[in-house]
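> Build me a structure from this.
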Amino acid sequence: MAETADVVVIGGGVIGTSIAWALTTAGVKRVVLLEKGALASGASGRSSALVRMHYTNEEDARLAWASYPLFRDWPERMGGPPVFTRTGFLAVVGPGDAAALRRNVDMLRGIGIDTVALTPAELKVLQPFVTSTTSAPPPTSRPAATPARPRWSRASGARRRPAARGSASGPR
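Residues are numbered from 1 along each chain as shown. Okay, the predicted model is just below:
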């Protein structure tokens, strides 16, 4: 392995590994990822790994929607088994929040997210065990994902170089 790098990324969590992957995908040849422990051993490894599209602000919703193809097409893009399971999402609001929910659903649909506001009767058809004592419509949003463990990507040419305990992995 070379003793120099074009880019050194510090941290092997979701942000660091994503940056390293994006750089190699963009053609940067010498990317070194430094992680003091194991990949995803910090907060990223304790995440529920939920991929959802229902956000109340447009910026977060746009970021989530832009990331959706990566999860949907994981095997083709990353060269490994799928990590994404499309499940759905349901949030229930009270009557006082129904108008805000409808505006939120309209915003999400405006950027392309497949989401709807349901009436209690429509929800009962989808989930007969749910009882409702209000007329507020809950949203459903597709897609969502199940937790995933980090995987090395052969597609981007990643190689694993184990480090001795307490040392950095990469150029010195």
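> Distance from the chain centre to the helix ranked longest in the chain, please.
In the chain, taking DSSP state H as the definition, the longest helix is helix 58-72. Put simply, helix 58-72 sits 8 Å off its chain's centre (Cα atoms, centre = their mean, to the nearest Å).
> quick one: low-confidence parts of this protein?
Within the chain, the segments meeting pLDDT under 70 span 1-2, 132-172.
> Tell me where it has helices.
14-25, 58-72, 74-78, 98-110, 120-126.
> With G88 as the reference, measure out to the residue nearest the centre of the chain.
Computing the C-alpha centroid of the chain and ranking residues by Cα atoms, centre = their mean puts V51 first, at 4.3 Å. Remark: distance between V51 and G88 (Cβ to Cβ, to the nearest Å) = 12 Å. For the C-beta atoms, the positions are set from N, CA and C on the backbone; glycine is no exception.
> wait, A64 sits on N57?
No. Between A64 and N57 there is no contact, the gap being 10.7 Å when judged by Cβ atoms under 8 Å.
> Comparing the two, which residue is more hemmed in?
Between A64 and N57, counted using other Cβ atoms under 10 Å, A64 has the larger neighbour count: 20 against 9.
> In terms of residue numbering, what are the domains of this structure?
Following automatic domain parsing, the chain resolves into domains at 1-48+153-172, 50-146.
> ok now the last one, how far from the chain's centre?
Yep, that's domain 50-146 we're talking about. 14 Å.
> can you check stretch 18-37 too?
The answer for stretch 18-37 is 19 Å, by Cα atoms, centre = their mean.
> All further residue positions should be reported with the first residue as 48.
Sure, I'll start counting at 48 from here, so that last one is stretch 65-84.
> Could you export it as CSV, CA atoms only?
Extracted C-alpha coordinates of stretch 65-84, given in CSV (Å, rounded to 0.1, in the frame of the first residue of the first chain):
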residue,chain,number,x,y,z
SER,A,65,-19.7,7.5,2.5
ILE,A,66,-17.1,10.3,1.7
ALA,A,67,-14.4,7.7,1.0
TRP,A,68,-16.8,5.8,-1.3
ALA,A,69,-17.9,8.9,-3.1
LEU,A,70,-14.3,10.0,-3.7
THR,A,71,-13.3,6.6,-5.1
THR,A,72,-16.4,6.5,-7.2
ALA,A,73,-15.6,10.0,-8.6
GLY,A,74,-12.2,8.6,-9.6
VAL,A,75,-9.9,9.7,-6.8
LYS,A,76,-7.2,7.0,-6.8
ARG,A,77,-5.5,7.2,-3.4
VAL,A,78,-8.1,7.5,-0.7
VAL,A,79,-7.2,6.4,2.8
LEU,A,80,-9.8,5.9,5.5
LEU,A,81,-8.5,6.1,9.1
GLU,A,82,-10.6,4.5,11.9
LYS,A,83,-9.3,4.1,15.4
GLY,A,84,-11.6,1.1,16.1
